[in-house]
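A.B. asks: How does the following fold in three dimensions:
(chains A, B, C and D)
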Number of protein chains: 4
Amino acid sequence: MNSVEKSVSNVLANSLATDYQSVRQHTLALCRHLQPEDFVLQPVEEVSPAKWHLAHTTWFFETFLLLKEVSGYKAYHPQYSYLFNSYYESVGERTLRNQRGAMSRPTTEEVMAYRQYVDEEMVSWLSSNELSKESTELVQLGLQHEQQHQELLLTDIKYSLSLNPLHPQVLEIGEQEAAKGSPDFAHIPEGIYEIGFTGEGFCFDNELGRHKVYVQETAIRKQLVSNAEYQEFIKAGGYQKFQYWHAEAWQWIAEKGIQAPLYWAQKEGNWFHYTLQGLQALKPEAPVTHISFYEASAYAEWAGMRLPTEFEWEAAQHLFDWGQRWEWTNSAYLPYPGFLKAEGAVGEYNGKFMINQMVLRGASIATSQGHSRPSYRNFFHAPARWQFTGIRLAKK
Amino acid sequence: MNSVEKSVSNVLANSLATDYQSVRQHTLALCRHLQPEDFVLQPVEEVSPAKWHLAHTTWFFETFLLLKEVSGYKAYHPQYSYLFNSYYESVGERTLRNQRGAMSRPTTEEVMAYRQYVDEEMVSWLSSNELSKESTELVQLGLQHEQQHQELLLTDIKYSLSLNPLHPQVLEIGEQEAAKGSPDFAHIPEGIYEIGFTGEGFCFDNELGRHKVYVQETAIRKQLVSNAEYQEFIKAGGYQKFQYWHAEAWQWIAEKGIQAPLYWAQKEGNWFHYTLQGLQALKPEAPVTHISFYEASAYAEWAGMRLPTEFEWEAAQHLFDWGQRWEWTNSAYLPYPGFLKAEGAVGEYNGKFMINQMVLRGASIATSQGHSRPSYRNFFHAPARWQFTGIRLAKK
Amino acid sequence: MNSVEKSVSNVLANSLATDYQSVRQHTLALCRHLQPEDFVLQPVEEVSPAKWHLAHTTWFFETFLLLKEVSGYKAYHPQYSYLFNSYYESVGERTLRNQRGAMSRPTTEEVMAYRQYVDEEMVSWLSSNELSKESTELVQLGLQHEQQHQELLLTDIKYSLSLNPLHPQVLEIGEQEAAKGSPDFAHIPEGIYEIGFTGEGFCFDNELGRHKVYVQETAIRKQLVSNAEYQEFIKAGGYQKFQYWHAEAWQWIAEKGIQAPLYWAQKEGNWFHYTLQGLQALKPEAPVTHISFYEASAYAEWAGMRLPTEFEWEAAQHLFDWGQRWEWTNSAYLPYPGFLKAEGAVGEYNGKFMINQMVLRGASIATSQGHSRPSYRNFFHAPARWQFTGIRLAKK
Amino acid sequence: MNSVEKSVSNVLANSLATDYQSVRQHTLALCRHLQPEDFVLQPVEEVSPAKWHLAHTTWFFETFLLLKEVSGYKAYHPQYSYLFNSYYESVGERTLRNQRGAMSRPTTEEVMAYRQYVDEEMVSWLSSNELSKESTELVQLGLQHEQQHQELLLTDIKYSLSLNPLHPQVLEIGEQEAAKGSPDFAHIPEGIYEIGFTGEGFCFDNELGRHKVYVQETAIRKQLVSNAEYQEFIKAGGYQKFQYWHAEAWQWIAEKGIQAPLYWAQKEGNWFHYTLQGLQALKPEAPVTHISFYEASAYAEWAGMRLPTEFEWEAAQHLFDWGQRWEWTNSAYLPYPGFLKAEGAVGEYNGKFMINQMVLRGASIATSQGHSRPSYRNFFHAPARWQFTGIRLAKK
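C.D. replies: Residues are numbered from 1 along each chain as shown, chains lettered A, B, ... in the order given. Predicted coordinates:
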C-alpha cells in the first residue's frame, strides 16, 4: 500500500467507525422512553424483547468480527453466544425463539454494558486501518442487520405496549401524516425491465442477480390507500363478503374475529388508533397501516383492482413517492435467477425464508435513514400485521 | 340453425353424452375393490371420504346444470345440496370439511342411487340436442372436475388404507415402473417465451391469459429423480443437515419426525413401500414419490441444483417425457397477468387458492386419461405428500 | 368330583353357556338398524366405532380365556390382538385410541365372522364341564365387560349419528318416560353406614372392601330433576351466572358455547331432543339427561341444594326409584380403603382411572338387564355428556 | 363501648396494625434480590409475575376495605382495579390470567408507590379504633391471603428464574435440610375422628364444618420420602413401568418426557438441583420435592404402600413432624358437609375450585410463619410440580 492508498483506506476506516457509532447510538435512542420492565416483554413468539434486540445485534459483531478477526479478543461472557444467537443453526445451540421473553437476566443494564464493551473494541479495531474487503463487508452487513432490527425493535415494542390498557407512548414519531402524492396513476409500457440491485453500496443477497423480467402494461396509483378509503371498504361490508378474500384469509378473519386493521378501536362511533405516540383519533387522510396481506388483497379486489407484482413496483417506483409504508405486493418471496447463498453462517441470512412469504417493497416511517432502496425486498407471512404495512393499487 | 349446423350440433351433443358416461363410469371403476366401510374414512381433514367424492361430483352436475337448465327437474334429495357442497361459499351453507367423515348416511348404496338418478337425467338432457355454448362449457368443466376428483379419490383412498396394518390393495395400478428418459439435460436458451394455454379444447381459468415471460438459460434433467438417488440423499444425512432445508421445513421435519418419503417403511434393513397394490419392496429405478415440496427442494440443494420454475418447465417440457409424477416447481401459485374470475360460484374454482401454495406441473400415474396438458397448473401446500409427487432437477 | 358335584357343575356350566349366548346375542341385537358405514364412525376420540366394540369384547374372551385355557386353540387372526386391545398395557402394543375410526378393515362382516368363531369355541368350552373358579370368574368378568360395552355401544352410536343432519334412528328404546317417584325427599339419619358390595354374585374390584363410613343427616329427593325443571334453570339465566359454576366449568361453557344439554336444539321457540328414536319434541316430565357434572352441580347450586355424595346415595338408595339415568354424585372416583388390584392385565381394569373423575351411581335406560346394583360405581370426567346422565338433588 | 372495652379494642387494633405492617414488609423482603426485569416474568399461565403478586395483594385491601369502609378514600389509580383483580368475577372485568406477563406498566416502582399509599391509609385506619367484627375478619383474611401469595411469589419466581441458564439465586432459604423424624410408622386405630378447624383464630371457609369421619386403622410414616429413596425408584425404572401409574399420568410423563422431579438435572452422572440459592448438588437425605401428585402416587405404588387420605393425615398429624413439604394426599378437594360460601366476592375464595384437584396437607419451607395449622387444606392439580411438594407414605 502506498501513502495515497493508505490515506484513502484511513478515511474509509474512519467513515466506517463513524457509521458504526452512529448506527449503534441510534438503536439506544429508540429506547429512550422505555422502562426496565418494558425490555423483557415478548407477548407472542414473533415479537422479540427489546433487550434481546439490543444484545443480539451486539452478538453479531462479537461473533462474526471480534472473535474471528481481533487476536486476543476475549468474549464478554461465555454464555451470551447461546443466549443471543437468533436463527443461525451453524453457530450452534440457541435459546428457543419463544423463550426469549423468559430471560430477565442479563438485565438491561448488563446488556448495555455488553454493548459498550463490544462498541469500544469495535471502534478501536475499525480505527486501526487494516480491514480486509471481507471484513468491511461484514461490518456493513452488521450495520444493515442492526438497522433491520431497529425497525423491528420499534414495531415489537409498539405491539408489546399496545396490550397495556394504559396506552403508553413509545416514541415521538408521528404516524398519521397524509398520504403523499396524488390519486392518479403512473403508467409503464409492456416490455423487458431489468430487476435487482445495481450500482455501488450495500445490498442483501436476495437483491443480487440483476436480470431481465417481461412486464405487461401496468398502471400504479401514485398515492397509498388512505384510512378514509379503507373505512369505505369496512362500511361496504368488506370483512363480511367472502368474494374478496382468499380461502385461507376468509378462515383467518373468522377464527380471529378480525374486522379492522390492527390497533384500531371504535369508541362511541369514532375510530381510534394506537400509535407510537399513544392512542389517537384516526386521521382519514393518513395511509392505512397495520394490515395483513390478506386484507390488502381483499381491499384491492373490492376496489376492482389488484396489488402490483414486485417487478411492476420496481419498474415503476421512480414515478411515485414511497417510504411511508411497506407496500404488500402480489409476489411470493422467491430467489432471483442464479441466487447464491454465501458460505457459512451469513449464508443463512435470506435463502431459507424463501417459502410461504409475500414480498413487500418500499420502506416505512420506522425504517432507519439510509436503509431503503428501489431493489430492497422485505418479506412477511400473509397474516402479519404488526409492521407499518400499506396498500398501493395497480390495474392493467 | 340450418340442417348442416344441426347435424354438427347433434354429433357434438352425442359425443358429450358419450364423454359424460365414460368419465362417470371410470369413477365407479376406481372403487371396484372397496368395501362399504372404506367409503366413509376421513383420517385427516385434507383427505375426503370416497363416498363424498362420489356424491360431490354428482352434486356439481345437479346444482350447476340440471337444476338450472332442465325445466321440471326435481332435486333428488332436499338435503344433499348441503351435504355435498365442497367449498362454494356462494351456493350456501355446507358441511364442514373436517366433518365429512362423520357422515355414514346417506350410505354408499344411497349415493350410488343418487349418481344413477342424476346420470339418467344428464344423459337424457345431453342427448336432447339443445345445449348452449355456456352449458356445453359447464358440462366440460363438470367432467374435468370429476377427473380431478378421480385422482384425489385414488390418493385419498390410498392414504386412508395406508393407516391399516393389514395393508389392503386399492387397485391394480403399478407405481414402480422405471423413471422414463435418460439422465442427461435438456437445454433452453435465454429469451422470451409464451406461457399459458393455447389451442382448442378445455382448460382451467388459471391457465388462461397466454403471456410473455422472460426466461434465463436453463438446463432441465430429462429423467425424474429415482428412489435409488433419493436413498443416497438419506444415507448422506440429508434429513439431519439444516443447510439444505427452508427454515420452516427444518421445523416441520423435526416436529413430525420425518426421515423418509411418506409410505416408506424399513424392515430389517430393507425399504418397503405401500403402493396401490399393497406393500412392496422399493424398486430403486422407479421415480421417488410422495414427497413434500420441502423435501424436493432440500434434495435439489443437496444435489447442487434446484427445482425449475413453472415457466422454465413449460418452455422446456417438449424436450422430455413427463406424466409419471406430478413435479414440484419452485413457483408459487399466483395469477397470470390479467387473470379473471368467472361470475358466480364457478368463479370460486381457482383464484381463491392463490396464496401459500406451490405449483406442480405434469401429471401422474393416477391422472385420468385426457386430463393433462403442458399448461396445466396443479398446486398444493408445501408439506403435502399424499399425491404422486416427484422431483425434476434444473440447473443454470 | 362325585356325580352330584358333577351334575351341579354341569348345570352351572350350562347356565354360564346360556348366559354367554344371551349376552353375546344382545350385543348384536343393539346393532340391528345399523348400516355397514355406521360401524366405522369415530367422530371424537372418546367415542369408539361400533365395529370396534363388537371386536374388542370378542378379543377379551379370546385373549384371556381361549388362548390361555383351551389347548390347541388357534387365534382367529394374527393381527387382531393388536387391533382390538383397548388399554391393557400389559398385553402389548395396541392401536391408538383416536385411530380406531381409521380402520375400515376388517369389515363388519369379517368382525361378525370373528365373533361367530370365538362364540362357537367358547360355547363348546363352556359346555365341556371343567371350569376352574378362576375361569368362571373371568367368564363372568367378560360378560360384565361386554354389558358395559353394550351401554357404550348405544351411547357412542347415538353420538355418532347425532352429527348427521338426517337424524337417523338408532333403536326403538324410548328415552322420554316421565321421571319416576314423587318430588318429596327421603331422609336418612346421621351415623355409620356400611358401604361397598355385599352378598353373592359378581361385582367389580372397585366395589369391594365393604367398609364403614360416617354419614351426616341427609335428605335426598325421590324424583330426578325433569326437563321442565331444567328449563327453568336455563330461563333464569343459569348458564350466564358465574356464581353457580366451578371456575373450570365456567371456562368450559364459555369455550364450548354451551347453553343447554347435549342433543337439545331450539326451533322456532320449541325445544327438540335427538333421541335413540330420532328427533323428538322435548317432553317436560322426562328426567333431564346428557348433562355434564358441571351442569348437574350448577343446577343444584341454583336450586339451593347440592348433589349427594356416593355414600349418601348408597345409604339411601333403597328409599327411592333409580335406573332411569346415571346420577352424578359429588364424590371423586377414589379407591375404597384396602383397595387391591388383581394380578396381571385384569388388574388394569379400574384402579388406574382413579384420578380426576366423578362417581355416578344408579343405572340408565341403556344399561343392560342384570348389570346394575346398589354398590355399582360408574365414573366419567366432569365434562362428559354423551352418557344418559341425570341429576338427583340432596340437602341437609 | 365503655373505657375498658375501648382499651381492649385499642390493643387489638394496634395489634392488627402491627400484624399488617409485619406481613406487608415480609412480602417486600422476599423480593430483595430481584431486578426490575425479574418482576415481569410469566413463563407459563400458572405462574404469575412478582409485580402482579405485589399489586394484587394490595388491591385486595383497597377493594374490600378502603373503598368500602373508609369514607373519602380515593382509589390510587382508576385502572388498577381492572389490572390487579385475580379471579373475582363479581368485582368486574379483569386482565386475562395469561396476559399478566404482558403488563410492563405500571412499573415495579409504581407498584411500590401503590403499596405505600395503601399501607399508609390502612395503618391509619387500623389505628383509628373503630373496626367492626366484619372488618377485622376481612383484614385478617387479607393478611392470610397475602401470606398465601408470599408462598406463591417465592415458588413463581423460582420457576421463572429456573428457565434462565445463568441459574440466579432467589433467596437465602435452604431447601435441602435432612428429612425430619425417624423412618418408622405412627399408628392410629380405626374409629370416628373429628375433622376440620377447631379453636380460636383464623381459618379458611374450606376448613369449617368440623365433622365426624370414620377412619380405618392406619400407619403413617413419620419421615418424608428422601431424595435417596426417590433415586431408588428412578433406578428401578419407575418412570418406565406403567403398572405404577394412573392412566392419565402415564400419558403425561410420555408427552412431557418426564424422568425426574422438576429442577433436577444430571451432569456427568451426578444429580443437581436448582434451589432458591441457585444450582446445588442433590443432598440424598433431604426430602424429595417438586413432584406431581402423579409421581407421589406412583412412588407409593412402587413402594408397596399408598398416600394417606387427608382425614388420616389430620387424625395422625400430632404423631409426626411436618412443615418441610406440602404433602400430597389421596383425597380429592371437595367440600366438607355443610360447606357454605360467604356472600359476595369473598365467597369466591375456595368453593369454585372444588373439582379435579387433590388436597395437600402440612406446610413447606416457603410457608410464611403463622400460616399453617393441622386443618389447613391446600390443593393443586395433579400435574403441578412447582410448589415444594413431597411424599408421606401410609399403609394399613
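
A.B. asks: Could you measure from the spatially closest residue to residue A:338 that is not a sequence neighbour over to residue B:231?
C.D. replies: Leaving aside its sequence neighbours, residue A:338 sits nearest to residue A:209 (C-beta to C-beta, 6 or more residues apart in numbering or on different chains; 4.6 Å). For the C-beta atoms, the positions are set from N, CA and C on the backbone; glycine is no exception. For residue A:209, the distance to residue B:231 equals 33 Å [C-beta to C-beta, to the nearest Å].

A.B. asks: my guess is residue A:228 contacts residue A:285, does it?
C.D. replies: Yes. Applying C-beta atoms under 8 Å, one finds residue A:228 in contact with residue A:285, separated by 6.7 Å.

A.B. asks: Now do the phi/psi pair for the nearest residue to residue A:139 once chain neighbours are set aside.
C.D. replies: Among residues not flanking residue A:139 along the chain, residue A:16 sits closest, at 5.9 Å (C-beta to C-beta, 6+ apart). Dihedral angles of residue A:16 (phi, psi; degrees, to the nearest 10) stand at phi -70, psi -40.

A.B. asks: which residues pair with the residue nearest to residue A:192 when sequence neighbours are not counted across the strands?
C.D. replies: Nearest residue to residue A:192 in three dimensions, chain neighbours excluded: residue A:212, at 5.0 Å (C-beta to C-beta, 6+ apart). Per DSSP bridges, the residues bridged to residue A:212 are residue A:194.

A.B. asks: okay, now residue A:212: neighbour count?
C.D. replies: Neighbour count of residue A:212, defined by other C-beta atoms under 10 Å in any protein chain shown: 18.

A.B. asks: what does the one 4 residues further on give?
C.D. replies: With neighbours defined by other C-beta under 10 Å, the count for residue A:216 comes to 18.

A.B. asks: ok, residue A:114 touching residue A:79?
C.D. replies: No. Using C-beta under 8 Å, residue A:114 is not in contact with residue A:79, being 11.6 Å away.

A.B. asks: Looking at these two now, which is surrounded by more residues?
C.D. replies: residue A:114 (20 against 12).

A.B. asks: Run through the residues that contact the more buried one.
C.D. replies: A:55, A:58, A:76-77, A:80, A:106 (C-beta atoms under 8 Å, 6 or more residues apart in numbering or on different chains).

A.B. asks: Could you tell me the per-residue confidence at it?
C.D. replies: Per-residue confidence at residue A:114 stands at 98 (pLDDT).

A.B. asks: which residues of the stretch 151-300 of chain A fall in strands?
C.D. replies: A:185-188, A:191-195, A:211-215, A:218-221, A:264-267, A:270-275, A:278-281 (DSSP state E, counting those that start in this stretch).

A.B. asks: could I get those strands as a markdown table with mean pLDDT?
C.D. replies: Listed next are these as a markdown table, based on pLDDT from 0 to 100:
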| stretch | mean pLDDT |
| --- | --- |
| strand A:185-188 | 98 |
| strand A:191-195 | 98 |
| strand A:211-215 | 98 |
| strand A:218-221 | 98 |
| strand A:264-267 | 94 |
| strand A:270-275 | 96 |
| strand A:278-281 | 96 |
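
A.B. asks: Quickly compare those strands and say which is most buried.
C.D. replies: Highest mean neighbour count among the strands of the stretch 151-300 of chain A (mean count of other C-beta atoms under 10 Å in any protein chain shown): strand A:218-221, with a mean of 21.

A.B. asks: how far is it from where the chain is centred?
C.D. replies: Relative to its chain's centre, strand A:218-221 lies at 25 Å (C-alpha atoms, centre = their mean, to the nearest Å).

A.B. asks: now swap in stretch A:295-302 and tell me
C.D. replies: 22 Å.

A.B. asks: do the same with stretch A:120-139
C.D. replies: Distance, centroid of stretch A:120-139 to centroid of chain: 26 Å (C-alpha atoms, centre = their mean).

A.B. asks: Then stretch A:240-254?
C.D. replies: 26 Å.

A.B. asks: which residues sit against it?
C.D. replies: Outside stretch A:240-254, the residues within contact range by C-beta under 8 Å, 6+ apart are A:238-239, A:258-259, A:292, A:294-295, A:297-299, A:301-302, A:382-383, B:87, B:89-90, B:352-356.

A.B. asks: Stretch A:169-185 too?
C.D. replies: By C-beta under 8 Å, 6+ apart, stretch A:169-185 touches A:30, A:32-33, A:154, A:157-158, A:161, A:219-226, A:273, A:275-278, A:280, A:282-283, A:285-287, A:289, A:320-321, A:324, A:365-366, A:388, A:395.

A.B. asks: do the same with stretch A:99-113
C.D. replies: With C-beta under 8 Å, 6+ apart as the test, stretch A:99-113 has contacts from A:36, A:39-43, A:48-49, A:51-52, A:54-55, A:58, A:77, A:80, A:83, A:95, A:114, D:35-38, D:40-41, D:43, D:101, D:160-161, D:163-164, D:166, D:168.

A.B. asks: interface residues of the stretch 201-350 of chain A facing chain B?
C.D. replies: A:211-214, A:216, A:242-243, A:245-250, A:293-294, A:297, A:330-332, A:334-335, A:337-338 (C-beta under 8 Å from any C-beta of the partner chain).

A.B. asks: How much space separates the residue nearest to residue A:358 when sequence neighbours are not counted from chain D?
C.D. replies: Closest residue to residue A:358 apart from its sequence neighbours, by C-beta to C-beta, 6+ apart: residue A:293 at 4.8 Å. Noted for residue A:293: a distance of 26 Å to chain D, by C-beta to the nearest C-beta, to the nearest Å.

A.B. asks: from what I can see residue A:293 touches residue A:378, true?
C.D. replies: No. Applying C-beta under 8 Å as the test, residue A:293 and residue A:378 come out as separate, 12.0 Å apart.

A.B. asks: thinking again about what came up before, list the residues that contact the residue nearest to residue A:192.
C.D. replies: Residue A:212 sits next to A:192-195, B:214 when contact means C-beta under 8 Å, 6+ apart.
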